[in-house]
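In: everything below, folded, please.
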Amino acid sequence: MLAKYLYYFILLVDTIILLLETQNLSISFSEASLLYEKSSFLQNIINFSFSLLGKNDFSLRLPMIIFHLSSIILIYEISKEYIPKSRDRTWFIFIFVLLPGVISAAVIVNSAGLVIFGLLLFLYLYKRVPLVYVNVLLLFYAIIDIGFSYLFLGLITYYVTQRKKYLALYTLLLYFINSYLFGFDASGSPAGHFLDTIGVYSAIFTPIIFIYLVYALYRTYLTSKLDILWYIATVALIVSLVLSFRQRVPVEHFAPYLIVALPIAAKLFIHSYRVRLKIFRMKYKLAFVISIVFLILNAFIVFFNQELYTILEKPKQHFAYKMHIAKELSQELKDLGILCVSTNKKMQERLLFYEIGKCTEHSLIEVPLNGISSDVTVRYKDNVLYRANVTNINNR
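Out: Alright, predicted model coming up:
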């Protein structure tokens, strides 16, 4: 019973922190592009949120937070098949919500959070509802996002090994539909992005957890007890690593497949720990403690990232700089009575979200931070993060 209460407590604290974090971030250029450029399923969800709650940072990120919280509930239920004890599942959920990739998917508006939720929903329903409903869900996935294409590859491999030829053909058809709607780029020449891909994976999971996750997938392969989750995760990992030899891989499309495979790693770790005598468990305890410490430290840095500006000499080196400035800059412009400017494309689209339109009357030009004066200045605790001059343009 205590483990259940702790699980609810983790959900509550996670929700509060994420809601508070929405006020500390500005819309990034990639998020603005998602809103204002080509129509997408995720764009429609965000616009629906705007229609209910108005156009603001809270309503922008609320759908991603809902996807995130729903994913926690789903992976908790799925993990019951791999982690029998409720106490172990609570620790598993604690680690899950602290993963860098999971945190970023919860606050950044991109397809990663949607794909994680979609994969977990599929895995949850697969053994609980008639297969026809699952196949309808897969058809829906095929027409909403390119991120689900690797799910179809994993399912094709799984169905072929299980000799379910009709399901394999159906899934292959869905893969072609998805590729036709969203395209698939496997072009390029050897460019040495393999190590870059490994590095990004390590950043998303932390190095220890990523290495152990890959090891868990390999060990599971040796046991021949391969379930549908193993196929989905392993195929996505192999495809991403193979493609990385020829091109820069959009890891955000592949990482969700490894994130949902965490119950496999947790099952192996718990089994390996419990079958050993207490005197031989020390290395497992040490790895677990080090992983928890790194995850907590990372989460602390992410949620209090603005404090880094007080120690950085160059603010643009901040890992979240691209998600700051715009909101504060728009307020500075409004205080000057300026409601439209002409500036570079990236800042132009970001300012548009905060009701600073585009016009030819005022030109916004960024200037060096060490300048003596500027028309608008964005600061954090007396640290200058951005300076710009506003020039009035005579069009007559």
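In: only C-alpha atoms from now on, for both contacts and neighbour counts.
Out: Will do.
In: grab the most central residue of the protein for me.
Out: Centroid check for the chain by C-alpha atoms, centre = their mean gives residue 105 as the closest residue, at 2.6 Å.
In: what's the nearest residue to that one if we skip its chain neighbours?
Out: Closest residue to residue 105 apart from its sequence neighbours, by C-alpha to C-alpha, 6 or more residues apart in numbering: residue 113 at 4.7 Å.
In: what's the neighbour count on that neighbour?
Out: 26 (other C-alpha atoms under 10 Å).
In: what backbone torsions are found at residue 226?
Out: Taking degrees, to the nearest 10, you get phi -100, psi 120 for the backbone angles of residue 226.
In: and the residue nearest to residue 105, what element?
Out: According to DSSP states H and E, residue 113 maps onto helix 111-126.
In: now the element after that helix, going C-ward?
Out: Assigned by DSSP H and E, the successor of helix 111-126 is helix 131-142.
In: for that following helix, list the C-alpha coordinates in CSV.
Out: Output of helix 131-142 as CSV, limited to C-alpha atoms (Å, rounded to 0.1, in the frame of the first residue of the first chain):
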residue,chain,number,x,y,z
LEU,A,131,-6.8,-7.4,-32.4
VAL,A,132,-9.1,-5.6,-34.9
TYR,A,133,-9.1,-2.5,-32.6
VAL,A,134,-5.4,-2.6,-32.4
ASN,A,135,-5.1,-2.7,-36.1
VAL,A,136,-7.4,0.3,-36.4
LEU,A,137,-5.2,2.1,-34.0
LEU,A,138,-2.1,1.2,-36.1
LEU,A,139,-3.9,2.6,-39.2
PHE,A,140,-4.4,5.9,-37.3
TYR,A,141,-0.7,6.0,-36.3
ALA,A,142,0.2,5.5,-40.0
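In: list the buried residues of it.
Out: Residues 134, 135, 138, 139, 141, 142 are the ones in helix 131-142 that count as buried (16 or more other C-alpha atoms under 10 Å).
In: could you give the angle of it to helix 111-126?
Out: Between helix 131-142 and helix 111-126, the angle comes out at 170 degrees (axes from the mean of the first three to the mean of the last three C-alpha atoms, to 10 degrees).
In: packing partners of helix 131-142?
Out: On a contact count with 3 or more C-alpha pairs under 8 Å, 6 or more residues apart in numbering; DSSP states H and E, helix 131-142 meets helix 111-126, helix 165-182.
In: what is the longest one packed up against?
Out: In this structure, helix 165-182 packs against helix 131-142, helix 149-161, with contacts taken as 3+ C-alpha pairs under 8 Å, 6+ apart.
In: in the very next helix or strand once past that helix, which residues are buried?
Out: Using DSSP H and E, the helix or strand that directly follows helix 165-182 along the chain is helix 194-205. For helix 194-205, a neighbour-count test (16+ other C-alpha under 10 Å) marks 194, 197, 198, 200, 201, 202, 204, 205 as buried.
In: pull the CA atoms of helix 194-205 into CSV?
Out: What follows is helix 194-205, C-alpha atoms only, in CSV (Å, rounded to 0.1, in the frame of the first residue of the first chain):
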residue,chain,number,x,y,z
PHE,A,194,27.7,6.7,-35.4
LEU,A,195,29.5,8.0,-32.4
ASP,A,196,27.3,11.1,-32.4
THR,A,197,24.2,8.9,-32.3
ILE,A,198,25.6,6.9,-29.4
GLY,A,199,26.4,10.2,-27.6
VAL,A,200,22.9,11.5,-28.0
TYR,A,201,21.4,8.2,-26.7
SER,A,202,23.7,8.5,-23.7
ALA,A,203,22.5,12.0,-23.1
ILE,A,204,18.9,10.9,-23.3
PHE,A,205,19.3,8.0,-20.9
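In: list the helices and strands it packs on?
Out: helix 100-107, helix 207-223, helix 251-259.
In: and the longest one with helix 194-205, angle?
Out: Counting by the same axes, to 10 degrees, helix 207-223 lies at 100 degrees to helix 194-205.
In: and what of the shortest one?
Out: With the same axes, to 10 degrees as the basis, helix 100-107 and helix 194-205 are set at 70 degrees to each other.
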